[in-house]
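Trainee: Below: sequence and its predicted model.
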Amino acid sequence: MKNGTAGKGKAEMKVAYFSMEVGLSENIPTYSGGLGILAGDHIKSAADLNIPLVAVTLLYKRGYFIQNISPMGQQEEMYPYFDPRAFMEQLPFKVTIKIENRDVHVGVWKYNQIGTHGRVPVYFLDTDLPINAPEDRLITQFLYGGDKHTRICQEAVLGIGGFLALKRLERDITTYHMNEGHAVFLTLALLSEFNGNQEKVREKCTFTTHTPVPAGHDKFAYDMLARVMGPYLPANIRDLAGRDELNTTVLALNLSRASNGVSELHGEISRQMFPGFNIGHITNGVHHLSWTGPEFQTLFDKYIPAWREHPKALAEAHAIPDDELRQSKLTAKKRLISYVNSVSGAGFTDDFLTISFARRATAYKRTTLLFTDLEYLFNLSFDRVQFIFAGKAHPQDDAGKQLIKEIVNTGKQYEKKLRLVFLPNYSIWLAQLMTQGTDVWLNTPRRPREASGTSGMKVCFNGGVNMSVLDGWWREGCKNRANGWAIGDDEDQTDEEAAADLYRDLDDMVTTYYTNPKQWTSIMKRSISDLCAVFNTHRMVMEYLHKYYV
């Protein structure tokens, strides 16, 4: 079934945005990484722009883990209890869904995301209620915790419980936006609501996919689904979701009027993965008011005052005086270096070029590609460059944990030859500190496995420079050596080829930083003017509005 287009007039539009995780604040641990942070930024821009949108997610009272690193470099996970009462309101009703023929009661908490011109209510779904069986109270305890059975239960609560909650809370939803396949059981609730009329469901739904990796698309055995949520499965479920097992992405594509990937390349890859579907793309952005640090907020207020309402105004960054731009960057960098030294005792200095690498520790992101030729790295960087790493591995990803251990132990083993630290417990707060203070943001994924990426965008709003493989958003934004560095070209590479290009680019970058400060300042300005004006969620949400919401 190919996706078509449909929509409503803006005056009568109301969008319900469903996401398994949402990252709104450092203090609300209902996110694990990029998907949740993007969802939070989407919601914030919708509130700023006064777009009629409501959001639905799950309330994780033991959230995503706090990361500690042992002296041997081993990741250790801690799950402190999150009490939502300080941040949101518990609503005086419950909805009930069937899981394994038991009644599971779902409570609802409301959080208001206040924007510059509006607000977005965010509804958090909670099964940790005394009325529920002990196993059902655990469904919304841990973010992505447990096995496939737990995942099915979580996705049933999100999709079906979320739909039932909105029936009580919000009238006249015109579009249901499923942010990734985790929300797809919403379509089963809609099928029931419309007496099996698939076309009516399609008219209501849009779908965004976020992963070009086949393993990233949830698949469930039909016998398990029948046991867990049998009453919700239509007779023709195999026609809609796959013959051998339920593929959440296939189900979402078949029951959505429109669908998209999150960068131009990701749209291309998604059409190859799911032939026959009209999958477009809207490239991700970041919420500029959340990720621009105090130094650059002050600078932009002085020279580009329209930037707060209209981030595209940052295309005029060339008007900022060089010396004030460099001073703002240095002040932000001092904050980062001060924190690094306070937690590590590493003795970093703001005189050195500072390169950061922070993202989930997993194989395809090639966290340790930088270490391919250590002797070359020692000679290139000693007393000139310092490296900051951060990021969590999924609790069940032993290979990812091994990558963290390798980084930590490399820093210790070669501490006299290589300035390197690993900062534990990457979070919204630490991401802000790093993206605001670093000179360079390094990204080395295996093409085309990074759907978009957004962390490098945050650096641009703080005068930082990207060095990345041409994957995801950077393939669209990079003007090589004018606003950042491209590792390799617009082709897939082996790890050895990518490492060789990485070292060549590092050599050029280090030389430019120390011998040609005027050129470096020009690259900083182009990073702001070329990239911030485009890669922000105000632009992104307006694209969703005009392409898919109305």
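Mentor: Yep, it's here.

Trainee: Name the spans of this protein whose pLDDT lies under the cut-off.
Mentor: 1-11, 145 (pLDDT under 70).

Trainee: same for the helix with the most length in it, what does it pack against?
Mentor: Longest helix of the chain, by residue count under DSSP state H: helix 322-344. Helix 322-344 sits against helix 294-303, strand 353-358, strand 419-423, helix 428-437, helix 517-526, with contacts defined as 3 or more C-beta pairs under 8 Å, 6 or more residues apart in numbering; DSSP states H and E. The way it works is simple: take the backbone N, C-alpha and C, and place the C-beta from them, glycine included.

Trainee: Dump these into JSON lines; add mean neighbour count and distance to K365 as well.
Mentor: Listed next are the helices and strands packed on helix 322-344 as JSON lines, based on neighbours: other C-beta atoms under 10 Å; distance: least, C-beta to C-beta, whole Å:
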{"stretch": "helix 294-303", "mean neighbour count": "18", "distance to K365": "27"}
{"stretch": "strand 353-358", "mean neighbour count": "23", "distance to K365": "9"}
{"stretch": "strand 419-423", "mean neighbour count": "22", "distance to K365": "15"}
{"stretch": "helix 428-437", "mean neighbour count": "22", "distance to K365": "15"}
{"stretch": "helix 517-526", "mean neighbour count": "17", "distance to K365": "24"}
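
Trainee: Dump these to JSON lines, plus distance to G118.
Mentor: Shown next, in JSON lines, are the helices and strands packed on helix 322-344 (distance: least, C-beta to C-beta, whole Å):
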{"stretch": "helix 294-303", "distance to G118": "21"}
{"stretch": "strand 353-358", "distance to G118": "32"}
{"stretch": "strand 419-423", "distance to G118": "36"}
{"stretch": "helix 428-437", "distance to G118": "22"}
{"stretch": "helix 517-526", "distance to G118": "33"}
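
Trainee: right, so of the ones you listed, which gets closest to K204?
Mentor: helix 428-437 (32.1 Å; C-beta to C-beta).

Trainee: And the closest one, how far out from the chain middle?
Mentor: 15 Å (C-alpha atoms, centre = their mean, to the nearest Å).

Trainee: Which is the succeeding secondary structure element to that helix?
Mentor: Following helix 428-437 in sequence order, the next helix or strand is strand 440-443 (DSSP states H and E).

Trainee: Return the list of helices and strands in contact with that next one.
Mentor: Using 3+ C-beta pairs under 8 Å, 6+ apart: strand 440-443 touches strand 353-358, helix 455-460, strand 465-469.

Trainee: so which of the ones you listed comes closest to A399?
Mentor: Of all these, strand 353-358 comes closest under C-beta to C-beta, at 17.2 Å.

Trainee: That closest one pairs with which strands?
Mentor: For strand 353-358, the paired strands and their directions (DSSP bridges) are strand 385-390 (parallel), strand 440-443 (parallel).

Trainee: neighbouring contacts of the longest helix of the chain?
Mentor: 293, 295-296, 298-299, 302, 346-350, 354, 388, 421, 423, 433-434, 436-439, 462-464, 517-518, 521, 524-525 (C-beta atoms under 8 Å, 6 or more residues apart in numbering).

Trainee: correct me, but A451 touches P445?
Mentor: No - contact criterion C-beta atoms under 8 Å: A451 and P445 do not qualify, at 9.8 Å.

Trainee: Burial check on P305, number of neighbours?
Mentor: 10 (other C-beta atoms under 10 Å).

Trainee: Check which residues of the top strand by length along the chain are buried.
Mentor: When the chain is scanned for its longest strand (criterion: DSSP state E), the result is strand 102-114. Buried residues in strand 102-114, defined by neighbour count with 16 or more other C-beta atoms under 10 Å: V104, H105, V106, G107, V108, W109, Y111, Q113.

Trainee: Turn those residues into TSV, columns for distance to G488.
Mentor: Shown next, in TSV, are the buried residues of strand 102-114 (distance: C-beta to C-beta, whole Å):
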residue	distance to G488
V104	49
H105	53
V106	48
G107	50
V108	48
W109	46
Y111	42
Q113	39
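
Trainee: between these, which is nearest K392?
Mentor: Of all those, the one sitting nearest K392 is Y111; the distance, using C-beta to C-beta, is 23.9 Å.

Trainee: Surely that closest one and L24 touch.
Mentor: Yes - contact criterion C-beta under 8 Å: Y111 and L24 qualify, at 7.2 Å.

Trainee: give the contact list for the closest residue to E245 other than its chain neighbours.
Mentor: Using C-beta to C-beta, 6 or more residues apart in numbering and skipping the chain neighbours, the partner closest in space to E245 is K219 (4.9 Å). Going by C-beta under 8 Å, 6+ apart, K219 touches G242, E245, L246, N247, T248.

Trainee: So what's the residue count around the third one?
Mentor: For L246, the tally of surrounding residues (other C-beta under 10 Å) stands at 23.

Trainee: Please apply the same query to the second one.
Mentor: Counted with other C-beta under 10 Å, the burial measure for E245 works out to 16 neighbours.

Trainee: change the start of the numbering to 365 and stick with it
Mentor: Shifting the count to begin at 365 puts that one at E609.

Trainee: Please list all residues in contact with it.
Mentor: Per C-beta under 8 Å, 6+ apart, neighbours of E609: K583, F584, A585, Y586.

Trainee: From the structure, what's the count of residues near the third one?
Mentor: Meaning A585. A585 - counted by other C-beta under 10 Å - has 13 other residues nearby.

Trainee: Equivalent analysis for the last one, please.
Mentor: Neighbour count of Y586, defined by other C-beta under 10 Å: 16.

Trainee: Same check on R730?
Mentor: 21.

Trainee: Buried ones in stretch 643-655, by neighbour count?
Mentor: Under 16+ other C-beta under 10 Å, the buried positions of stretch 643-655 are 643-655.

Trainee: Return that stretch as CSV; C-alpha atoms alone will do.
Mentor: C-alpha atoms of stretch 643-655 as CSV (Å, rounded to 0.1, in the frame of the first residue of the first chain):
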residue,chain,number,x,y,z
ILE,A,643,8.7,7.5,1.9
GLY,A,644,9.8,11.1,1.9
HIS,A,645,12.2,12.9,4.2
ILE,A,646,12.4,15.8,6.6
THR,A,647,15.9,16.4,7.9
ASN,A,648,16.1,16.7,11.7
GLY,A,649,17.0,19.9,13.6
VAL,A,650,17.6,21.0,17.2
HIS,A,651,15.7,23.4,19.4
HIS,A,652,18.0,26.5,19.1
LEU,A,653,16.9,28.1,22.4
SER,A,654,17.7,24.9,24.4
TRP,A,655,21.1,24.2,22.9
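
Trainee: With that, I have no additional questions.
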